[in-house]
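**Q** sequence? don't have it. structure:
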């Protein structure tokens, strides 16, 4: 669940089947008698028509018979419609009522933006702007996760080369572990300029390891270096020779990744 901050109003975003639902309850929380605005909006015939069109487009289980009956009454002085009534009678998917800690009325983003227009066109524009910011942050995080997984996969290639070419059969498990760590630090030194232990000593307040705090560009470079180091190990180069070559490669690749205007999106 993400959170928006629209001019000081904190608004929860809830995901259902990978679709974003925005809290209408939060949107009107700082408005006097704000909770009544949602039901007042639902009593509007234009609102009912809009919701019906949305449900017909995206909800195969939409109860069209009940919707037709609701439309007949909409606009009359006696017409009353609550969120619960709308959801129960029409089997709505565009608007949902959620219980619990982040409970309230949530609406699919298209509907939430429509409600925001009804509340305040200015508020709607700020809401869309903030929502776009949240989506960009989520995409950046997805990109980072993908590169982190790629680095982990390539690390298996790297460790396989170490096992095949550098580890004598007579080594104990502890000695083998030390050798693996030493080779991992070849990459750490080449890219980050420090070993894993040095990073932990300098960042005792952080969880994880040096690679968990790498940028996307650094993870791209690290993935490339793991493959290259595996080849260099196969070719029989010493650790010192490989460190020098890998450091030069890291400097070259990071310069390209950080400076190219058409690659800035991966920062």
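**A** Alright, I've got the coordinates. This structure is a prediction, so every number in the text was calculated from the model and none was measured.
**Q** Helices of the stretch 101-250 of the chain, residue ranges please.
**A** If DSSP state H, counting those that start in this stretch is used as the criterion, the helices of the stretch 101-250 of the chain fall at 109-119, 121-165, 173-192, 196-202, 216-234, 239-259.
**Q** Please produce JSON lines containing these, extended by mean neighbour count and distance to residue 66.
**A** No exception for glycine: its C-beta is placed from N, CA and C like everyone else's. Formatted as JSON lines, the helices of the stretch 101-250 of the chain follow (neighbours: other CB atoms under 10 Å; distance: least, CB to CB, whole Å):
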{"stretch": "helix 109-119", "mean neighbour count": "19", "distance to residue 66": "18"}
{"stretch": "helix 121-165", "mean neighbour count": "15", "distance to residue 66": "29"}
{"stretch": "helix 173-192", "mean neighbour count": "17", "distance to residue 66": "61"}
{"stretch": "helix 196-202", "mean neighbour count": "14", "distance to residue 66": "61"}
{"stretch": "helix 216-234", "mean neighbour count": "20", "distance to residue 66": "49"}
{"stretch": "helix 239-259", "mean neighbour count": "15", "distance to residue 66": "56"}
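**Q** For those helices, could you give me JSON lines that also reports distance to residue 19?
**A** Shown next, in JSON lines, are the helices of the stretch 101-250 of the chain (distance: least, CB to CB, whole Å):
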{"stretch": "helix 109-119", "distance to residue 19": "8"}
{"stretch": "helix 121-165", "distance to residue 19": "13"}
{"stretch": "helix 173-192", "distance to residue 19": "39"}
{"stretch": "helix 196-202", "distance to residue 19": "39"}
{"stretch": "helix 216-234", "distance to residue 19": "26"}
{"stretch": "helix 239-259", "distance to residue 19": "34"}
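**Q** Now the weakest link among those, please, by mean pLDDT.
**A** Mean pLDDT values for those show the minimum at helix 121-165, a mean of 68.
**Q** And stretch 99-116, end to end?
**A** End-to-end span of stretch 99-116 (CA to CA, to the nearest Å): 22 Å.
**Q** contacts for that stretch?
**A** By CB atoms under 8 Å, 6 or more residues apart in numbering, the residues outside stretch 99-116 that reach it are 1, 12, 14, 19-27, 38, 41, 47, 50-51, 54, 58, 83, 93-98, 123-124, 127-128, 131.
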